[in-house]
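# predicted model, plus sequence, below.
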Amino acid sequence: MDLDKFRKEAKKRLPQYKDLGKKLRKMKPKALENMVHGLHHEVFENTDCLTCANCCKTTSPIFKQGDIERMASAVRMKSSQFIDEYLHLDHEGDYVLNEAPCPFLTYDNTCIVYESRPTACREYPHTDRKRFRQIVNLSVRNTQVCPAVKTIFDKLEESI
């Protein structure tokens, strides 16, 4: 995966993805969901996230209390110690990682706490989520992070 090439292309296409997002929000919710979910499954049948891991390299998930407790247990720490070492509160009051790339990402793009990873990581990139219409703006932003989401948006643009 050539992430530099992906980033340049995604940045260049961002205005089109924003325009597409406006069109998507005008669609009937069920029709939109069916279309996006179908493309999600199609794209992820041919996607190996371990060849990329750009999400883990560049962004932080939001950590809810249950995520913190699960992760702390996985690395044999108290929750307060885990927070002190790995997390901070962002401008919206959510716990996020102190740094990128994720400190739990290994050299081969695997996650050392995969079974205990935060819910946001489990659900990323959210293109199979119910009520997709509510997260269209988030998905537009994710075109800049995830090549699979960019591909889904490219296919959506072709079909609309």
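Received it, and whenever you're ready, just let me know what you need.
# grab the nearest non-local neighbour of residue 130.
Take residue 130 and drop its neighbours on the chain: the residue closest to it by Cβ to Cβ, 6 or more residues apart in numbering is residue 33, 6.9 Å away. The C-beta positions use only the backbone N, C-alpha and C, and glycine is treated the same way.
# neighbours of residue 150, how many?
When counting by other Cβ atoms under 10 Å, one arrives at 21 neighbours for residue 150.
# just the helices in this protein please.
Along the chain, the stretches classed as helices by DSSP state H are 3-26, 29-45, 54-58, 65-74, 79-86, 119-123, 136-142, 147-159.
# residue 108 is nearest to which of those?
Proximity to residue 108 (Cβ to Cβ) singles out helix 54-58 among the helices of the chain, at 11.8 Å.
# quick revisit: mean pLDDT and distance to residue 96 for the helices of the chain - can I get that in CSV?
Output for the helices of the chain, formatted as CSV (pLDDT from 0 to 100; distance: least, Cβ to Cβ, whole Å):
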stretch, mean pLDDT, distance to residue 96
helix 3-26, 97, 21
helix 29-45, 97, 25
helix 54-58, 97, 13
helix 65-74, 98, 11
helix 79-86, 98, 10
helix 119-123, 96, 10
helix 136-142, 97, 15
helix 147-159, 97, 20
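# contacting residues around the residue nearest to residue 130?
By Cβ atoms under 8 Å, 6 or more residues apart in numbering, the contact set of residue 33 is 130-133.
# and for the residue of the chain positioned farthest from its centre, nearest residue in space, chain neighbours not counted?
Going by Cα atoms, centre = their mean, the residue of the chain most distant from its centre is residue 78, 26.9 Å out. If the residues on either side of it in the chain are set aside, residue 78 comes closest to residue 72, at 6.3 Å by Cβ to Cβ, 6+ apart.
# and the one you found, what does it touch?
78-79, 81-82.
# domain map for this protein?
Domain assignment for the chain, taken from automatic domain parsing, gives 3-56+125-159, 62-123.
# compute the first-to-last residue distance for the last one.
Spelled out, it's domain 62-123. Counting by Cα to Cα, to the nearest Å, you get 12 Å between the two ends of domain 62-123.
# check the first one too.
Chord length of domain 3-56+125-159, first to last residue, is 26 Å (Cα to Cα).
# just give me how far it sits from the chain centre.
10 Å (Cα atoms, centre = their mean, to the nearest Å).
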